[in-house]
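> pasting a predicted model and its sequence here:
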Number of protein chains: 6
Amino acid sequence: MRSFQRGALDLRPVTLTPGVNRHAEGSTQVEFGHTRVIVTCSIEERVPPHLMGKGTGWVTAEYGMLPRSTHTRTQREAAKGKQTGRTMEIQRLIGRSMRAAIDLAALGPRTLTLDCDVIQADGGTRTASITGAYVALVMALRNLQSRGVMSKIPSLTPLAAVSVGVVNGEVRVDLDYEEDSSADVDLNLVATGDGRIVEVQGTAEHKLFDRKLLDGMLDGGLAAIQQLTAAQAKVLG
Amino acid sequence: MRSFQRGALDLRPVTLTPGVNRHAEGSTQVEFGHTRVIVTCSIEERVPPHLMGKGTGWVTAEYGMLPRSTHTRTQREAAKGKQTGRTMEIQRLIGRSMRAAIDLAALGPRTLTLDCDVIQADGGTRTASITGAYVALVMALRNLQSRGVMSKIPSLTPLAAVSVGVVNGEVRVDLDYEEDSSADVDLNLVATGDGRIVEVQGTAEHKLFDRKLLDGMLDGGLAAIQQLTAAQAKVLG
Amino acid sequence: MRSFQRGALDLRPVTLTPGVNRHAEGSTQVEFGHTRVIVTCSIEERVPPHLMGKGTGWVTAEYGMLPRSTHTRTQREAAKGKQTGRTMEIQRLIGRSMRAAIDLAALGPRTLTLDCDVIQADGGTRTASITGAYVALVMALRNLQSRGVMSKIPSLTPLAAVSVGVVNGEVRVDLDYEEDSSADVDLNLVATGDGRIVEVQGTAEHKLFDRKLLDGMLDGGLAAIQQLTAAQAKVLG
Amino acid sequence: MRSFQRGALDLRPVTLTPGVNRHAEGSTQVEFGHTRVIVTCSIEERVPPHLMGKGTGWVTAEYGMLPRSTHTRTQREAAKGKQTGRTMEIQRLIGRSMRAAIDLAALGPRTLTLDCDVIQADGGTRTASITGAYVALVMALRNLQSRGVMSKIPSLTPLAAVSVGVVNGEVRVDLDYEEDSSADVDLNLVATGDGRIVEVQGTAEHKLFDRKLLDGMLDGGLAAIQQLTAAQAKVLG
Amino acid sequence: MRSFQRGALDLRPVTLTPGVNRHAEGSTQVEFGHTRVIVTCSIEERVPPHLMGKGTGWVTAEYGMLPRSTHTRTQREAAKGKQTGRTMEIQRLIGRSMRAAIDLAALGPRTLTLDCDVIQADGGTRTASITGAYVALVMALRNLQSRGVMSKIPSLTPLAAVSVGVVNGEVRVDLDYEEDSSADVDLNLVATGDGRIVEVQGTAEHKLFDRKLLDGMLDGGLAAIQQLTAAQAKVLG
Amino acid sequence: MRSFQRGALDLRPVTLTPGVNRHAEGSTQVEFGHTRVIVTCSIEERVPPHLMGKGTGWVTAEYGMLPRSTHTRTQREAAKGKQTGRTMEIQRLIGRSMRAAIDLAALGPRTLTLDCDVIQADGGTRTASITGAYVALVMALRNLQSRGVMSKIPSLTPLAAVSVGVVNGEVRVDLDYEEDSSADVDLNLVATGDGRIVEVQGTAEHKLFDRKLLDGMLDGGLAAIQQLTAAQAKVLG
């Protein structure tokens, strides 16, 4: 039986708690079962050098794990003096996804930084981060608008993310850590509620996969994402 | 008027929430007003090289701030590739304080690591960290004992910490960020509930201070610490 | 018209030149049009710490670009003191792909390191690297066998990789730099000649994509990979 | 018996030798017994970014130890690629103390950098550094004045520093390395000759301390500092 | 017998292949026997800060080795996070030599960067790099001229480099790796075809050397350099 | 006229002061005019990994400059987080020279580390370092012998170093900073008193040089080195 007594294509209990940080322009805590991530969205009225003078905005992301968010303690990246390849890969994925969620030209010469910090990890931290980041981003934009800094919120594309895997030949969505460790295939999907894909990354961890299995994973993942975008919409009112 | 409608020698509302992390041997969330820190205590059955074969244990601490725990976003130390001097200074202070709280010889060849991660900062993050770390440390030891790894918890010295400052000539305890920024003197005190000092660090930020003012700050600080150790005792049962 | 007067689903001229390095156990130069990568496979009779005593082997990869492999000079990572997130992402992808190509248990306690160094870049450096790495890996194993170090070559899964993109609404395989810069969707595919997938990474660069477009990209990519594995087989005899 | 046949509250022989460096605007060699530190004060006609356009000046400090200033060779921080937490803590203390010694607004948009390099260490390197740094700073300012760069030297607050400890229950000032290693309490005090405190940092190394013991340490430390500021005044004429 | 059946004062077969990189302003592949280096020359229309506004140009060099250019795999400097002392020493030597080859004032406010990347190493990589770098530099200047960016090529001093050693008491030029490892004296010489010296670096690896032996090494080295500058001239037309 | 009223081939006043550090096994302060370097020799009873079990010893060197040893303040390498190419080049030269001065096999499995720290720089810091390092090394060996750790001092080759340059067409030895900055040719020579060469490094800074000029520089340098080895012998008794 899967954790939280759920079926193969069911999500864990998902909670989105906006406004968890009094300093950030936007923030949310996102929980997928025991996975818990705090996402803040910070706005700065400047853009990176390569965009200066072009009028367009930028969205970037950083990802980190508290040392004891994991089962055994992971060395602190700040103490080690560098970020791991995994961290870089994840924050690049979050950043790309968030840039797909917003009309950068309409944002104007501003930079939004999404900080995704994992407080407790139990599988799916990158997909939880993306799902929470969309909420924090929208809240930050509304904040700008309500403060009169921005007259109109740029056009948005609501999106969310979920992990999908093949465990013992069965397609499952939203894997927890234990399932993730034994999955034959591991796929992360970022998409809109109406099934348009932003990013798909599938890896044969222990077994190669064919088109049919990929289709099964995409079916499961897109259905779950529909639920996640509905949860986001509910929180965002 | 001070934040939370309090008097010069009053603490902000203090909350200690143990068990906030399902992976760590011990954990607590500590809040001093809007300052919020998650502390985990991790136990490893090994000691640093310089203690090998001596039978004694070790306690160490690491400190970090989420990038948007601060009013404006602070650069992530992991991305920058090094910890600031302030971070190092604080984690050394926490480590020393925790080593004073426990009989290291009785701990046996184990290392306890206290990770103090600031989720939201509003002044006094190092003193909140120490106050919470003592709770996380005790919980981790009880965990070891309940799992039968350790038959007897080493002798402990309950301790807590508070900041004290001089603002407009007045001694105040537990300064928030705004008060801290304008204080003439800034003092951090680590002590036991019965007034024995573990660490005192006083700095003339804008005005030198005399013995009398130092005495006033110590009086205020020790009284506050008595309340903090009482709060710890209550949580620890 | 595409470079090299080719159709939307055609590869650029592909050349695999084995034995380009007299020191390495296995090596190949791989060219996809103007993209040119030297891959060497080095064998060491030891495994990383986490595999010690388990009898199984390991395969890892590193990727680098010569500073002037690019249109304008890119800063040397060794001089900068760290590898970029892009480099890490790519070398992790190559390593995972190569681990899927070989039976690690049968390899025995050895580490194979695939170094992929881009001499000249014109799009598709990661997919060219993977395609060449498989050849270098096989040559290194044969080398071990011919020197009597290994009696039997572990079971292998021939695989190759290609980039696919959507440019002006058209699915194209093996994009050069110019096409890559303007593609709406960018997908990298690693697979076997018979259509089993090792890794798929698709990104909406400028436009979200639906299942139908994804299917078109997979069709094009898998057909191209079939040609690449045939080219590998020819070179390997 | 203590080193140099001195009483519990006596300093080791203290020597201040100004003008030891022909390039620096101000310099001094300071010796507390066998502890020997070279301090230079460098002046630059610019301020850090956060002070630009404010008209005020800045004072900062850096601290280092020659690898063999210690009993056994310490690894060179430049070779290791980073400064230790101890180094950072000490140079932050020296910098704060020196900023308290001078009217920064009257300094004008200039930066004074105090480099404190320990040639030989035998306890008390940070307090010797501060005591010497005040002399180097004054000499640098006089140099500016004599060269006509500055018409009037900013208002100064003469200050010095000493270590105090509790060894075998006895309060002692100016501990050498051997005493320092076995002290129960270790306190560093920075103050003026007339007893106003700039910084106090007291640590229970092996035993907690009460208010009475703290008072004893402060009495001893302030009396010693009076001698040190007298020695500074003598050298400065 | 020496490799390639050559006499003590003979070079290995030397090949200079210009135009090996389609992106760089100038490039050449240089081979001294099995030593193979790709050199590119990149031109930027700016100078380092210390030359700004002076009208003069700058030439700099960077050197790297592919991890498996060596007999056993060498750790990638980019992965290690820093360049070795040997790398720094070599690239400084190449840079100085190239600055001696050109009239920097006549170059105008431009920077030429020579990237020398060793594809395969068998002794003499630094001298091969310098010999190839001169060709790449000239080609880059001609490129600038042909594109009309520069009306006249600055005055040039053709130069090349060779290694000389003493092996079993015999002076030999252009040592391969095996000879280099057993040489008693190792000397690197950079000079013009008509015998003017740019740089000479001689090291007693296992035996001190006298003036007579030094003279013998210089004789052999200068004669070899004459052949190398002739080869450069032939390639450059 | 040259500094210190000396002729073209005269050294500046040279002072060697042994025993300047009470912790190091051997130490000396060396002054060439205003250039002042402290050299310590530390002995450890272990060798680097590549020499383990071979019975032979090792000698290595590190070099550093105090930030204000230079005319204007140089950034501290420890703060910057890495050593410059110049530092690496110099410490490699010192290490090679010292290894040539001693029979490493007879040293036994020990490592000698020569730390050369420049207190004040005025040209010739690397040659002063080598000259002083030989004295510190001998003193450390005598120390080992007198403590009974080593029965017999390994065979030694006394050596020293000097800089030579061509200024206004004239060969000069032991250049100070001002001369060094304007020299056309800069040569560093390490040799024995009887004229055997350990290392020669000559660089055409502004003008190429011919064999005749090189001979003149070697004549001047070797004569000066004879005086330096005599000074060493006098100090070493």
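Yep, that arrived.

> find the centremost residue of chain A, please.
Geometric centre of chain A, nearest residue: residue A:130, 1.2 Å, by CA atoms, centre = their mean.

> return the residues of chain A in contact with chain E.
With CB under 8 Å from any CB of the partner chain as the criterion, chain A meets chain E at residues residue A:82. To be clear about C-beta, it is placed using only N, CA and C from the backbone, and glycine gets the same treatment.

> so the residue nearest to the centre of chain A sits in a helix?
Yes - under DSSP: H, G, I helix; E, B strand; the rest coil, residue A:130 falls within a helix.

> was I right to think it contacts residue A:190?
Yes - the pair residue A:130 / residue A:190 is scored as a contact, 5.8 Å apart, by CB atoms under 8 Å.

> related to what we said a few turns ago, so the residue nearest to the centre of chain A versus residue A:77, what's the distance?
20 Å (CB to CB, to the nearest Å).

> now the strands for chain A?
A:14-18, A:26-32, A:35-44, A:58-65, A:111-120, A:159-167, A:170-173, A:185-192, A:197-204 (DSSP state E).

> close to chain B, is the fourth one?
Pointing back at strand A:58-65 there. Yes - using CB under 8 Å from any CB, strand A:58-65 reaches chain B at A:62, A:64.

> can you give me how far that strand is from the chain middle?
Relative to its parent chain, strand A:58-65 has a centroid offset of 10 Å by CA atoms, centre = their mean, to the nearest Å.

> so how far does stretch A:195-214 reach from one end to the other?
Start and end residues of stretch A:195-214 are separated by 15 Å (CA to CA, to the nearest Å).

> again with stretch A:181-199
Start-to-end, stretch A:181-199 (CA to CA) is 22 Å.

> buried ones in that stretch?
Going by neighbour count (16 or more other CB atoms under 10 Å in any protein chain shown), the buried part of stretch A:181-199 is A:183-193, A:195-199.

> any common contacting residues for residue A:130 and residue A:190?
Taking CB atoms under 8 Å, 6 or more residues apart in numbering or on different chains as the criterion, residue A:130 and residue A:190 both touch A:93, A:97, A:159, A:160, A:161.

> make JSON lines out of the strands of chain A and add mean pLDDT and distance to residue C:136.
Shown next, in JSON lines, are these (pLDDT from 0 to 100; distance: least, CB to CB, whole Å):
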{"stretch": "strand A:14-18", "mean pLDDT": "98", "distance to residue C:136": "45"}
{"stretch": "strand A:26-32", "mean pLDDT": "98", "distance to residue C:136": "41"}
{"stretch": "strand A:35-44", "mean pLDDT": "98", "distance to residue C:136": "39"}
{"stretch": "strand A:58-65", "mean pLDDT": "98", "distance to residue C:136": "33"}
{"stretch": "strand A:111-120", "mean pLDDT": "98", "distance to residue C:136": "37"}
{"stretch": "strand A:159-167", "mean pLDDT": "98", "distance to residue C:136": "30"}
{"stretch": "strand A:170-173", "mean pLDDT": "98", "distance to residue C:136": "35"}
{"stretch": "strand A:185-192", "mean pLDDT": "98", "distance to residue C:136": "26"}
{"stretch": "strand A:197-204", "mean pLDDT": "98", "distance to residue C:136": "21"}
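
> looking at these, which is nearest to residue E:72?
strand A:197-204 (31.7 Å; CB to CB).

> touching, residue A:126 and residue A:187? I think so.
No - applying CB under 8 Å, one finds residue A:126 not in contact with residue A:187, separated by 11.9 Å.

> overlap of the contact sets of these two?
Each of residue A:163 lies in contact with both residue A:126 and residue A:187 under the rule CB under 8 Å, 6+ apart.

> burial count for the closest residue to chain F within chain A?
At 9.1 Å from chain F, residue A:81 is the closest residue in chain A, using CB to the nearest CB. By other CB atoms under 10 Å in any protein chain shown, the residues close to residue A:81 number 18.

> how close does it get to residue A:73?
Taken as CB to CB, the span from residue A:81 to residue A:73 is 17 Å.

> which stretches of chain A aren't confidently modelled?
Of all residues in chain A, none has pLDDT under 70.

> mind listing what the closest residue to residue A:192 other than its chain neighbours touches?
Closest residue to residue A:192 apart from its sequence neighbours, by CB to CB, 6 or more residues apart in numbering or on different chains: residue A:159 at 5.1 Å. Going by CB under 8 Å, 6+ apart, residue A:159 touches A:97, A:100, A:101, A:130, A:134, A:190, A:191, A:192, A:193, A:198, A:225, A:229.

> one more: residue A:174?
Contacts of residue A:174 were listed using CB under 8 Å, 6+ apart, and they are A:10, A:11, A:12, A:32, A:33, A:123, A:124, A:127, A:162, A:163, A:164, A:224.

> what of residue A:72?
Contact analysis of residue A:72 by CB under 8 Å, 6+ apart lists B:23, B:42.

> picking that back up, okay, the strands of chain A in a markdown table with distance to residue D:25 next?
Shown next, in a markdown table, are those (distance: least, CB to CB, whole Å):
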| stretch | distance to residue D:25 |
| --- | --- |
| strand A:14-18 | 56 |
| strand A:26-32 | 49 |
| strand A:35-44 | 39 |
| strand A:58-65 | 42 |
| strand A:111-120 | 41 |
| strand A:159-167 | 59 |
| strand A:170-173 | 68 |
| strand A:185-192 | 59 |
| strand A:197-204 | 58 |
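
> between these, which one is nearest to residue D:4?
Minimum separation from residue D:4 across these (CB to CB) falls at strand A:58-65, 52.0 Å.

> ok, now how distant is residue A:196 from residue C:197?
Counting by CB to CB, the gap from residue A:196 to residue C:197 is 21 Å.

> again with residue A:11
Distance from residue A:11 to residue C:197, by CB to CB: 25 Å.

> not counting its neighbours along the chain, what's nearest residue A:124?
Going by CB to CB, 6+ apart, residue A:124 has residue A:163 as its nearest residue, at 4.7 Å.

> bridging residues for the one you found?
Counting by DSSP bridges, residue A:163 is bridged to residue A:188.

> tell me the contacts of it?
Contacts of residue A:163 (CB under 8 Å, 6+ apart): A:123, A:124, A:126, A:127, A:173, A:174, A:175, A:180, A:186, A:187, A:188, A:189.

> quick one: the first one and chain E, what's the gap?
Which is residue A:123. Distance of residue A:123 to chain E, computed by CB to the nearest CB, to the nearest Å: 29 Å.

> closest to residue C:53 among the contacts of residue A:163?
Comparing the contacts of residue A:163 against residue C:53 with CB to CB picks out residue A:180 as the nearest, at 25.1 Å.

> list the contacts for the spatially closest residue to that closest one that is not a sequence neighbour?
Once flanking residues are discounted, residue A:180 sits nearest to residue A:123: 4.5 Å by CB to CB, 6+ apart. Residues in contact with residue A:123 (CB under 8 Å, 6+ apart) are A:32, A:33, A:35, A:163, A:174, A:175, A:176, A:177, A:178, A:179, A:180.
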